[in-house]
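**Q** Everything below, folded, please.
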Amino acid sequence: MPTDHHDSSDKGARGSDRSGVKAYIVGGGIGGMAAAAFLIRDGHVPGHNITILEELDRVGGSLDGAGSAETGYVVRGGRMLEGKYRCTYDLFSSIPTLDETQTVTQETFQWNEVIKTGSKSRLVRAGRKIDTPAYGLAEKHILGLERLTLEPEAFLANSSIADQFDASFFETNFWLMWCTTFAFQPWHSAVEFKRYLQRFVHMIEGFNQLKGIMRTVYNQFDSFVRPLKAWLDERGVSYALGARVADLGFADDGGAKRVDRIAFDRAGRRETIDVGPDDLVIVTLGSMTEASSLGTNDAAPTLSGKREGGAWSLWETIAQGRPEFGRPSAFDDHVDQSKWVSFTATQSDPTFFEKVRDFSGNVPGEGGLITFADSSWLMSIVLPHQPHFIGQPKDVNVFWGYGLYVDKPGDFVRKPMSACTGRELMTELLGHLRIGPETPRILDTTIAIPCMMPFITSQFLRRSRGDRPAVVPEGWSNLGFVGQFVELPDDVVFTVEYSVRSAQAAVAELLGLKTTPPPVYKGQFNPRVLVDAFAALHDLHM
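**A** Okay, here's the model as predicted:
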C-alpha cells in the first residue's frame, strides 16, 4: 500500500507562518478540493482561510453521483483506478472514511483485495462472450506501438493516433479493448496515446481481463468526494456555491504578475473579491463535463455548448493576450471529436443482473467493462458491486454504460445513440445481449437516464506545445492552474490522479514547499514489465 509522502515540518516560502494567507480556489471538482487539502496538510494554511468557488450547487465536479431509487440514480462516468496512482493514494492516506474507521486509501486497497477485477467477458460478439480475447496484433502493429513509445513527443507534434497506424490496427481486439477502457478515438492525440502506453505498460499483461484495475466501494462521489469534503469541512473550508467566476483582475508588482481580483456571478448579481499580494488563487481550467445534459427514460438529452457554463468562458477570457495561460480553443472548439453519451440504469427487478451474471461468468463488481464489439455505437457496460450508492435500497440495482460512436444508427434501435431515450438505450443493449422473452419485464422495471457530454474527451484532442499551461505559469507569483488541461510531463489525463497531481504540484510550487509530488511510476524501465508486455502483445502465454 502507498505510504504518506508529506512532511509536516516543511514550511517553504511565503514565510513559516501562513496564518494570514488566504486562498481562493475556482472549481469544486477533485482538483480544487485536493488543492484545498494540500494547502492545509502540506502548506499549513488555515482551513478557514480557504474558499472554494463552484458554479454548480454541489462540489465533486466530474466525480459525481446523485439521484434516488424512485427517480433514478445518475453517474456521468467513473474514472479508472489502479495501484500506481501515487498522488491520489498519498492524499487519501490522510483522509478518513465517513465512518472514520480507516483512511480512504486503506479502504480502497482492502476492498480490492476482497474483489479483484478479472473479466471473463471483456468482449462480446454476436451475442457470445469472448473469455480472455487475443489481442490480434500483427507484427507491424506491435512495431508501431514500440516505435510510438520511443518517439519524442516533439516529433509527434499535433498528429493523431490514426496518423501513426493503418486502418487494420483499429480492427484489432487490442484497440477495441484499449479504446473502450480509456475512451480513445482514432482522431485523438498520438502524444496522449503514447503517454498512456508508457504509463500503463505494466497493465498490458492481463489487460484482456482488466487485471489490475481497481474500484472504490461505492461510486467515486460517495467514496472519494464525501470523505474529502467532510475533512475540509472539519477544518473550516468555506464554499461559494452557485458562483460562476467570470474574470480575474491582474496586477504587475514590478515584474512579478499576480491576481488581485476575482469577479463572479451569483444569483443574478456580479460580486468581486479583492486578492492581497500574499494570497493565492488556484483555478481549475476547463471542464470535461461542462454543459452535460441529462435525458430521461422517455426523452433524449440535448447537445449543449461551451457557453452553457462558465469553465471554458473563464479560460478563454483570461487567456486573451496571455500565451502562458494556454490555448483553450484546442480543446473546446471540437465538440464533434470530444462528445459521447453515457447512461445510468436503476432497476427494481433483479432479472437483468442475474442474466448478465450468468452470461458473463462474473458477479457484479468483478468483471469490469463489457464491450459489444459489433455494436454500431461501440457500447460498453459495467455492473458494479451493489449497493453502488450509500443508502441504495437492497432490492435496487444500478449499472452504467456508454457508447463512443453516438451519431451512428443503432443495430436494434435505428436511431443515433445521441437521439435515444433511456428506454431505447436499454432496448439496444438487451438486443446485443439476446435477452429475448424477459425484455419487456426488464424495460418496465428500469429507469435509464442518458447523459450527453460534449467535452468528455476534449483533453484527448490533438494538441501542440503550449496548448496546456504549466501549473504555475511563468512570471506569476500567486496564480496556479489545476485539472485535466494543465501540462504534467509523463502523467496521463482523464484520471483522478492527474487532477490530484496537478493540485499537489501547484500548491508545492506556489508555497515553495520541499514536498513535491511523488514521481510518476515508469514501468517502461522495468525489464520484467517489458518482457511481460512483449509476450502479451504477441499473444504468448507464459
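**Q** what does the helix or strand hosting Ile52 contact?
**A** Per DSSP states H and E: Ile52 is located in strand 50-54. Applying CB atoms under 8 Å, 6 or more residues apart in numbering, the contact partners of strand 50-54 are 22-28, 32-33, 36, 39-40, 59, 232, 236-243, 245, 262, 264, 273. All C-beta atoms are positioned from the backbone trio N, CA, C, and that covers glycine.
**Q** Repeat the analysis, applying 6 Å as the threshold.
**A** Here strand 50-54 makes contact (CB atoms under 6 Å, 6 or more residues apart in numbering) with 23-26, 28, 32, 36, 237-241, 243, 245, 264.
**Q** ok, the residues you listed vs Pro186, which is closest?
**A** Gly32 (32.7 Å; CB to CB).
**Q** ok, for the closest one, nearest residue in space, not its chain neighbours?
**A** Ile25 (4.5 Å; CB to CB, 6 or more residues apart in numbering).
**Q** List phi and psi for Asp407.
**A** With angles defined as degrees, to the nearest 10, Asp407 sits at phi -100, psi 0.
**Q** Tell me the bridge partners for the closest residue to it other than its chain neighbours.
**A** Closest residue to Asp407 apart from its sequence neighbours, by CB to CB, 6+ apart: Pro416 at 5.0 Å. Pro416 has these beta-bridge partners by DSSP bridges: Pro409.
**Q** for this protein, what's the longest helix?
**A** Criterion DSSP state H: the longest helix present in the chain is helix 496-511.
**Q** So which bits of the helix or strand containing Thr344 are buried?
**A** Assessed by DSSP H and E, Thr344 sits inside strand 340-347. By 16 or more other CB atoms under 10 Å, the buried positions in strand 340-347 come out as Trp340, Val341, Ser342, Phe343, Thr344, Ala345, Thr346, Gln347.
**Q** Return the closest of the contacts of strand 50-54 with respect to Glu324.
**A** Using CB to CB, the contacts of strand 50-54 come closest to Glu324 at Val26, 17.4 Å.
**Q** how far away is the closest one from Tyr196?
**A** Using CB to CB, to the nearest Å, one gets 28 Å for the distance from Val26 to Tyr196.
**Q** ok, and the closest non-adjacent residue to Thr495?
**A** In space, Thr495 is closest to Arg79, 5.7 Å off (CB to CB, 6+ apart).
**Q** quick one: the one you found and Val496 touch, right?
**A** Yes. Arg79 is within contact range of Val496, at 4.8 Å (criterion: CB atoms under 6 Å).
**Q** if we can go back for a sec, got a PyMOL select line for the buried ones in the contacts of strand 50-54?
**A** Of the contacts of strand 50-54, the buried ones can be selected in PyMOL as follows, counting by 16+ other CB under 10 Å:
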select buried, resi 23+24+25+26+28+32+36+237+239+240+243+245+264
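**Q** Looking at the contacts of strand 50-54, spot the one nearest Glu139.
**A** Distance to Glu139 across these (CB to CB) is lowest for Gly32, with 46.4 Å.
**Q** per-residue pLDDT, that closest one?
**A** Looking at Gly32, its pLDDT stands at 98.
**Q** And it, how close does it get to Met453?
**A** Using CB to CB, Gly32 is found at 19 Å from Met453.
**Q** cool, and Leu540?
**A** 39 Å.
**Q** between these two, which one's more packed in?
**A** Taking other CB atoms under 10 Å, Leu540 and Met453 do not tie; Met453 has more neighbours (27 against 9).
**Q** my read: the more buried one touches Ser293, true?
**A** No. With contacts counted by CB under 6 Å, Met453 stays clear of Ser293, the gap being 8.2 Å.
**Q** And for the one helix or strand Arg528 maps to, what's in contact with it?
**A** Under the criterion of DSSP H and E, Arg528 resides in helix 527-537. Helix 527-537 is contacted by residues Leu137, Ile142, Val201, His202, Ile204, Glu205, Gly523, Met542 when judged by CB under 6 Å, 6+ apart.
**Q** List only buried entries from those residues.
**A** Using 16+ other CB under 10 Å, the buried members of the contacts of helix 527-537 are Leu137, Val201, His202, Ile204, Glu205, Gly523.
**Q** Which stretches in the stretch 151-300 of the chain count as helices?
**A** 153-156, 173-182, 190-199, 220, 226-234 (DSSP state H, counting those that start in this stretch).
**Q** In a markdown table, list these along with mean pLDDT.
**A** Listed next are these as a markdown table, based on pLDDT from 0 to 100:
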| stretch | mean pLDDT |
| --- | --- |
| helix 153-156 | 94 |
| helix 173-182 | 97 |
| helix 190-199 | 97 |
| helix 220 | 96 |
| helix 226-234 | 98 |
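**Q** Just put those helices in JSON lines and tack on distance to Asp99.
**A** Compiled in JSON lines, the helices of the stretch 151-300 of the chain are given as follows (distance: least, CB to CB, whole Å):
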{"stretch": "helix 153-156", "distance to Asp99": "44"}
{"stretch": "helix 173-182", "distance to Asp99": "32"}
{"stretch": "helix 190-199", "distance to Asp99": "33"}
{"stretch": "helix 220", "distance to Asp99": "18"}
{"stretch": "helix 226-234", "distance to Asp99": "9"}
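**Q** Of all the ones you listed, which one is nearest Gly480?
**A** helix 226-234 (17.7 Å).
**Q** got the angle between that closest one and strand 50-54?
**A** Relative orientation of helix 226-234 versus strand 50-54 (axes from the mean of the first three to the mean of the last three CA atoms, to 10 degrees): 130 degrees.
**Q** List the buried residues for helix 226-234?
**A** Neighbour counts over helix 226-234 (16+ other CB under 10 Å) mark Arg226, Pro227, Leu228, Lys229, Trp231, Leu232 as buried.
**Q** which of the residues you listed lies closest to Gly483?
**A** Leu228 (15.9 Å).
**Q** Check whether the closest one really touches Ala35, as I assumed.
**A** No. Using CB under 6 Å, Leu228 is not in contact with Ala35; the gap is 11.3 Å.
**Q** what bridges to the residue nearest to Gly32?
**A** Ile52, Ile282.
**Q** Gly436 versus that one, what's the distance?
**A** Ile25 is 52 Å from Gly436, by CB to CB.
**Q** quick one, phi psi at the closest residue to Ser499 other than its chain neighbours?
**A** Nearest non-adjacent residue to Ser499, counting by CB to CB, 6+ apart: Gly31, 3.8 Å away. Backbone torsions of Gly31, given as degrees, to the nearest 10, read phi -60, psi -50.
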